[in-house]
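1. Give the three-dimensional model of this entry:
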Amino acid sequence: MAEEVVATFAGPLNSFAINLTLSNASSSEVQSVGISGRTAKFPVTWDSMGSFAGPATLTSTAGVDTEVVVANFSGFAAGEQVSFTGIDPDFTGAPSAGVRVLDMSGARAFVQFADGTTGFGEFEATTAGTLRAVISK
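-> Model prediction:
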């Protein structure tokens, strides 16, 4: 099994609906996932992470109202998928500016695995019209 988490901001790229899916394609439990809005095409601040769904438990979210957000999990096992819908990022310094999916390109992400290792990736546009980051250790 690959040692990675695949993170996808669903498209279309010109959509203002920011939704994130995380798929654990590793052999380890995921403890946390972080995304840096500082490195996005246009830096963003995370106003809200929206609603969470999945078999894992979201134990906390740190960094709301900043440029780096971290979601902490319990029970995010190998082969599972979780999602956030209705995420509200704004351009840094413009708290009422809408952000499109494409504006999140270049954002860097990290994963902390339960075995103590860390993986890194960057969101890039796909031919399917989404943004995707393969976060590998």
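
2. and the helix or strand containing residue 34, which strands flank it?
-> Using DSSP states H and E, residue 34 sits within strand 30-36. Using DSSP bridges, strand 30-36 pairs in its sheet with strand 68-76 (antiparallel), strand 108-113 (antiparallel).

3. who wins for proximity to residue 35 among those?
-> Among the strands paired with strand 30-36, strand 108-113 comes nearest to residue 35, with 4.9 Å by CB to CB. In this view, the C-beta of every residue, glycine as well, is placed from N, C-alpha and C.

4. Which strands and helices lie in contact with the helix or strand following that closest one?
-> Next helix or strand after strand 108-113 toward the C-terminus (DSSP H and E): strand 118-122. Judged by 3 or more CB pairs under 8 Å, 6 or more residues apart in numbering; DSSP states H and E, strand 118-122 is in contact with strand 4-9, strand 108-113, strand 131-136.

5. can you do 10 Å?
-> In this structure, strand 118-122 packs against strand 4-9, strand 30-36, strand 108-113, strand 131-136, with contacts taken as 3 or more CB pairs under 10 Å, 6 or more residues apart in numbering; DSSP states H and E.

6. if we can go back for a sec, want to throw the strands paired with strand 30-36 into TSV with mean pLDDT, mean neighbour count and distance to residue 27?
-> Shown next, in TSV, are the strands paired with strand 30-36 (pLDDT from 0 to 100; neighbours: other CB atoms under 10 Å; distance: least, CB to CB, whole Å):
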stretch	mean pLDDT	mean neighbour count	distance to residue 27
strand 68-76	98	20	13
strand 108-113	97	21	9
